Each structure stands twice: as C-alpha cells, then as structure tokens.
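[1] need coordinates for the below:
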Amino acid sequence: MKTLDVNQVIDNARFTRFHWMVTLLCGLLLVFDGYDLFIYGAVLPVLMKEWSLSPVQAGALGSYALFGMMFGAFIFGPLADRIGRKKGVAISFVLFSIATFMSGFATSPTEFGIFRFIAGLGCGGLMPNAVALINEYAPKRARSTLVALMFSGYSLGGVLCAGLGIYMLPRFGWQSMFLAAALPLVLLPLILWKLPESVGFLLRQGQQAKARQMLSQVAPDVAMGSEVQLLQTDAKGAGVPMLDLFLKGRAMGTFMIWLSFFCCLLMVYALGSWLPKLMATAGYSLGSSLSFLLMLNFGGVVGAIAGGWLGDRFSLPRVVLAFFALGTVAIALLGFNSPMPVLYLLIAIAGATTIGTQILLYANTAQFYPQTIRSTGLGWASGVGRTGAIVGPLLGGWLMAAALPLQMNFLVFAVPGLVAALAIGFFILYYRDKQEAPQVVVAAVRPAV
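    Predicted coordinates:
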C-alpha cells in the first residue's frame, strides 16, 4: 500500500478555494470574538456612571471575562486535541455568544461579572483552536499571512464594536451592545457544515477515508485513492501533553513565548478597556473617545496583515521584536499633548503593534510546536497570557484611582512592550545556533529565501 505524508502534502499545496474558505470562516468567527472582547471598553464610561463604579471596581469587573478566557484556553486547547478542533470551535462560539447576550440583562455588577466570565470561557477556547486549525491546513509559504488575515477579523470585531457604540450607546443604551451579540448564532449551521475537521484528528481516530477526502480539497492535484495510506511524521506518542511543551529543546522557547504573551495581552486589554475612559477624562467627548478605540482596532487590522506578510518573507520572531519596540515608543507618546492627526496616528501604530503583534505571536507559537501538540501549546500560551490580560484592566483601574497625570498612565502601559521585546530578543539569540532546537524554530528564526 502506498503511503503519503500529510504534512508534506499540506506544506507544498498550492493555494485553493478550500484555503480561502477556512481562512474566511475562522476570520468571521474572530470578528464576533473581537466584538465580545472590546465591548467592555466601549460601554465602560456608561457603566461607571450608571452603577457608580470606582476605577478599581471597574478594572476588576473588566477582568472577569479575562479570567474566563484564561480558563477557557487551558480547558478547550487540550480538549480539542481529544474531541476535534471543529467541535472545540463550535462549543466555544455558542458559549460566548449566549453569555454575551445574557450580559445585556444584568441588573447588577455581580450578575454582569458572572455572564462575562462565562463569555470569557468561550472566547478563550475559540482563539487557540482557530489558529491551530488554519495552521494545520495552510501551505507553508503562506502560513503567517493566512493566520494574520484570519486574525484581522479579531480587530475588525473591535472596529465593529466601536462603530456600533458610537451609534447605539446614545440611542439605545449599553444593553443593546450585548443583545446584538446573539445575531451571529444564525451562522452556526454554516460553521458546522463548512468548517473542516483537523486532518490530524481524523487520522488519530482511524478515519482514513474522511482524512483523504479532506486532504483532496487541500491538494486536488495529488492522487489519494483508497490504496493510499495517510501518515503524519510527527504522530503523537504517549506522554503528558503539557509536559511535551518543555521537551526536545522547547523549554526556553516555551518560557519566552509565555512571557511575551503576558506582556502583549496586558497592553492589548489595558488599552482596549481604558483608552476611551482615559481620553474622556482628558476632556474628549464619548463619541471622540470611542473613535480612538475604533482607530486602535483599525491599526490592529493593518498591523496583522502587514505583520503576516512580513513574517512570511523575513524572520517572524524578528518582525515580532520590531513591532514590540515600535509599540513601546508609540504608547509612551500617547500621553503627551499632540495635534489630533498625530494622536490618531500614534493610536493606530499602538493598535498595529499590540493587537497586530498578538496575532504574530500566535503564528510564531503555532510554528514553534509540532502539529500533535499545537492546540495544547497555543492553549497554554494563550492561557498564561490571559494573566496579563487580567492584569491590564486592573492596572488601568489602579492608575485611574491614583489620579496620575495622563503621561504617566501611558508610560506605565508601555513598559510591558519593552519587556516583551527583550523576551523575543532572547528567544532569537537562544535558538539561532542551537542544533537541538526544534526544526520549526530553526526555520522560523532564519530569514526566508
């Protein structure tokens, strides 16, 4: 019987309609995910006034969803390696959509916090599984670009959230922003119908026929009759998936990835939660403050796509390093008195190099780990990073309560960018000449030719 290596087929496949379908479906899911994650920052000024929340209370309330995301990433990443990524994505999508919808009926901060925690579970589960799925099917030469295109949906969700907030908040109240989150559920049948299952999962389940059918869509020019036996060169053996993240030269890379995720997500959620409120406190109107949130996410879209394009042509970790360095400078400058066009430009750069860099981190992490532990690696990196996301809104609340000058707030928000840049720089140096480094890391840190 003829054997065929699945990884080689996928890596060398030409771009097809199948790849567009997977990218668009996962990107569409992340639009709703991004909407859910940025919604709190959009409604925060209204909630603080209606429920008489102090800055510290508002920061804590904003962290509930992020606590949920941390647990969701820890739970749904490894779970999807066992039940399939398609099921993991669908369960996560339904969970956060329903919980976000129910948040609109909350009558107290306690009820609101419970619903936000549940929504966070779903959001935390969706992201790593969507990244793992698209990494599994993307041709090697376009992998970073496709991940970035998919992840631009996350930023588009933030743009949608800010745009709807400008129109809906003054007219229909903050509840309308959450009630609108139920509308995407009408797309669930389409997701279940068209979203492909992981070919690696199908092979581990012994479903050769389904795997051949799926792979024939990825590479229609490759013969895959019933006489062909599909194999994966990195088939999973016995062991504890979490411990596998530290084996075969991956320990230092895992720690540096976790640290960079922590810092990046701290900046993303500190800015996403507090930028409108900080700008309102500085004297800007609610509409103008929300327009800053819109520009932040617009920058995230541009940064994700540009970063993915650069990552496929140059060393992805070095692109991440450059983005972190640029983001540190842009965020530090936000607190200084600048003309409005310059302020918008700085906010767009901050979005491109925080939200956009988060997307590049996911792509780099997916390339770092082999396919069989990719969901676990992404889930743990995302889960550990969520501790930074939790700290972000809390940090903003503490800074607001301290009544520091606006410049000091943004200088503090910029510090994690410097730490993350140092972590990625060490990642690059550590693996540059390591013979025992995983092959995906060796390939990732050398410029493409």
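[2] only C-alpha atoms from now on, for both contacts and neighbour counts.
    OK.
[3] in the longest helix anywhere in the chain, what counts as buried?
    Identified as the longest helix of the chain according to DSSP state H is helix 17-50. By 16 or more other C-alpha atoms under 10 Å, the buried positions in helix 17-50 come out as 18-19, 22-47.
[4] what helices or strands is that helix leaning on?
    helix 55-83, helix 85-103, helix 109-137, helix 143-172, helix 208-218, helix 251-281, helix 286-313 (3 or more C-alpha pairs under 8 Å, 6 or more residues apart in numbering; DSSP states H and E).
[5] distance check, M127 against G157.
    13 Å (C-alpha to C-alpha, to the nearest Å).
[6] overlap of the contact sets of those two?
    L30 (C-alpha atoms under 8 Å, 6 or more residues apart in numbering).
[7] and W193, how many neighbours does it have?
    When neighbours are counted by other C-alpha atoms under 10 Å, W193 registers 8.
[8] that's a strand at it, yeah?
    No: under DSSP: H, G, I helix; E, B strand; the rest coil, W193 sits outside any strand and is assigned helix.
[9] got a pLDDT number for it?
    For W193, the pLDDT comes out at 89.
[10] and the gap between it and K87?
    Separation of W193 from K87 (C-alpha to C-alpha) stands at 12 Å.
[11] F368 is nearest to which of the helices and strands packed on helix 17-50?
    Closest approach to F368 among the helices and strands packed on helix 17-50 is made by helix 251-281 (8.2 Å; C-alpha to C-alpha).
[12] look at A448 and report its pLDDT.
    At A448, pLDDT is 33.
[13] I misspoke; the intended subject was V319.
    pLDDT, V319: 90.
[14] so it sits against G307, correct?
    Yes: here V319 reaches G307: they are 6.9 Å apart, a contact under C-alpha atoms under 8 Å.
[15] these two: which is more packed in?
    G307 (27 against 20).
[16] separation between that one and V94?
    Applying C-alpha to C-alpha, the value for G307 to V94 is 30 Å.
[17] then stretch 384-397 to PDB, C-alphas only?
    Extracted C-alpha coordinates of stretch 384-397, given in PDB (Å, rounded to 0.1, in the frame of the first residue of the first chain):
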ATOM      1  CA  VAL A 384      -0.700  32.100  30.600                       C
ATOM      2  CA  GLY A 385      -1.000  35.200  28.500                       C
ATOM      3  CA  ARG A 386      -4.500  35.800  29.900                       C
ATOM      4  CA  THR A 387      -3.000  36.500  33.300                       C
ATOM      5  CA  GLY A 388      -1.500  39.600  31.500                       C
ATOM      6  CA  ALA A 389      -5.000  40.300  30.100                       C
ATOM      7  CA  ILE A 390      -6.400  40.100  33.600                       C
ATOM      8  CA  VAL A 391      -3.800  42.500  35.000                       C
ATOM      9  CA  GLY A 392      -4.400  45.000  32.200                       C
ATOM     10  CA  PRO A 393      -7.800  46.300  33.200                       C
ATOM     11  CA  LEU A 394      -6.800  46.100  36.900                       C
ATOM     12  CA  LEU A 395      -3.700  48.100  36.200                       C
ATOM     13  CA  GLY A 396      -5.800  50.700  34.400                       C
ATOM     14  CA  GLY A 397      -8.200  50.900  37.400                       C
END
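[18] L404: how many residues sit nearby?
    Residues near L404, counting by other C-alpha under 10 Å: 11.
[19] now do the SS call for it.
    Relying on three-state DSSP, one would call L404 coil.
[20] got a pLDDT number for it?
    Reported pLDDT for L404: 80.
[21] and what of F336?
    So F336 comes in at 81 (pLDDT).
[22] likewise the one 10 residues further on?
    Predicted confidence (pLDDT) at L346: the value is 91.
[23] you'd agree it is up against I331?
    Yes: if you go by C-alpha under 8 Å, L346 and I331 touch, sitting 7.3 Å apart.
[24] who has more neighbours out of these two?
    I331 (27 against 23).
[25] how much space separates that one from I349?
    Using C-alpha to C-alpha, I331 is found at 8 Å from I349.
[26] repeat that for L333.
    11 Å.
[27] same thing with A414?
    For A414, the distance to I349 - C-alpha to C-alpha - is 13 Å.
[28] for L230, give me phi and psi.
    phi -90, psi 140 (degrees, to the nearest 10).
[29] list the contacts of it.
    3-6, 203, 208, 211-212.
[30] out of those residues, which end up buried?
    Of these, these count as buried by 16+ other C-alpha under 10 Å: 4, 6, 203, 208, 211-212.
[31] TSV for those residues, including pLDDT and distance to L169?
    Compiled in TSV, the buried ones among the contacts of L230 are given as follows (pLDDT from 0 to 100; distance: C-alpha to C-alpha, whole Å):
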residue	pLDDT	distance to L169
L4	75	56
V6	79	50
L203	82	49
Q208	80	52
A211	79	48
R212	81	50
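[32] where does the prediction get shaky in this structure?
    1, 227, 232-241, 285-288, 371, 375, 433-449 (pLDDT under 70).
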